[in-house]
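Student: sequence? don't have it. structure:
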């Protein structure tokens, strides 16, 4: 499965927000939202843009990108005109401001921990050009597909259930077009007769937890209908940043 959007380049024409809003608010103020407005990590401003115009453009862009972070439609309506028209409207998405609102709901339903970072922003003429970095984990549903904790910035983890009891990797990361045993070959190298406490026997599910770690559920039995092996049933907690096992939680006591 291909990961969801990781990076995107967005142009925000000034006509969407108007060049002279009735109630000007400096971009540092965030009185209309309980969360801080999104700020670019790097900002480049053309030298011929007046300070007031610059601040209005930055304020609008900050609210627009905070909307993508939070789904707060009040922010969307503050900066997007009711006359907004999407000339590249995807099939099934409503026209006008309702389109971005629907898209945000769909993204947040698929990736509840979605985070949008403005890595670079340029103000030139009447345009704000922004480079966005999207991160999060695909744990919800998107267009009928149920996520399994895939990271939307490019990492995909697979469960190879081995319900026939065969040897081979139990969990893999999709790297360069092929599965790579995860977290390493040792954890995926179990075979009959070997201890099961520190190896994967038969994993049937995985997910990214709210802590950002990858959690594996190992049923600890060869194939379907076979008895569980001593030390086989367990939860395995893996740190995706270092690709190492943090802790193993034995489930022998509750599965015997």
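Tutor: Noted; the coordinates are in hand. Fair warning: this is a prediction, and the values are worked out from it, not measured in the lab.

Student: residue 104: what secondary structure?
Tutor: helix (DSSP: H, G, I helix; E, B strand; the rest coil).

Student: count of neighbours near it?
Tutor: 19 (other Cβ atoms under 10 Å). Any C-beta I mention is one placed from the backbone N, CA and C, and that applies to glycine too.

Student: now do the contacts for it.
Tutor: Contacts for residue 104 (Cβ atoms under 8 Å, 6 or more residues apart in numbering) come out as 67, 68, 71, 73, 76.

Student: narrow those to those that are buried.
Tutor: Listed as buried from those are 67, 68, 71, 73, 76; burial here means 16 or more other Cβ atoms under 10 Å.

Student: from those residues, which is closest to residue 44?
Tutor: The nearest member of the buried ones among the contacts of residue 104 to residue 44, counting by Cβ to Cβ, is residue 68 at 21.0 Å.

Student: now do the helix or strand harbouring that closest one: which elements does it pack against?
Tutor: Per DSSP states H and E, residue 68 falls inside helix 51-70. Packing contacts for helix 51-70, counted by 3 or more Cβ pairs under 8 Å, 6 or more residues apart in numbering; DSSP states H and E, involve strand 7-13, helix 73-79, helix 98-110, strand 115-124, strand 127-135.

Student: just to revisit the earlier point, now the two most distant members of the buried ones among the contacts of residue 104.
Tutor: Between any two of these (Cβ to Cβ), the greatest distance is 11.4 Å, for 68 and 73.

Student: report pLDDT for residue 35.
Tutor: With respect to pLDDT, residue 35 scores 58.

Student: could we number from 5 for the rest of this?
Tutor: I'll keep to 5 as the first residue from here, and by that count the last item is residue 39.

Student: before we move on, what SS does residue 89 have?
Tutor: Per three-state DSSP, residue 89 ends up coil.

Student: OK, contacts around it?
Tutor: Contacts of residue 89 by Cβ under 8 Å, 6+ apart are 99, 100.

Student: ok, now the one 10 residues further on?
Tutor: Listed by Cβ under 8 Å, 6+ apart, the contact set of residue 99 reads 89, 90, 93.

Student: which parts of the helix holding residue 72 are buried?
Tutor: Those would be 58-74, for helix 55-74 by 16+ other Cβ under 10 Å.

Student: ditto for stretch 208-224
Tutor: 210, 211, 212, 217, 218, 219, 220, 221, 222, 223, 224.

Student: and the two most separated of these?
Tutor: Using Cβ to Cβ, those span at most 22.0 Å, a distance reached by 212 and 224.

Student: domain ranges for the chain?
Tutor: As recorded under automatic domain parsing, the domains making up the chain are 11-141, 161-259.

Student: on that earlier part again, just put the helices and strands packed on helix 55-74 in CSV and tack on mean pLDDT and distance to residue 184.
Tutor: As requested, the helices and strands packed on helix 55-74 are exported to CSV (pLDDT from 0 to 100; distance: least, Cβ to Cβ, whole Å):
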stretch, mean pLDDT, distance to residue 184
strand 11-17, 40, 23
helix 77-83, 93, 41
helix 102-114, 93, 25
strand 119-128, 90, 26
strand 131-139, 86, 21
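
Student: how about the contacts made by residue 205?
Tutor: 174, 194, 222, 223, 224, 225, 226, 233, 236.

Student: the first one and residue 191: what is the separation?
Tutor: Applying Cβ to Cβ, to the nearest Å, one obtains 8 Å for the distance of residue 174 from residue 191.
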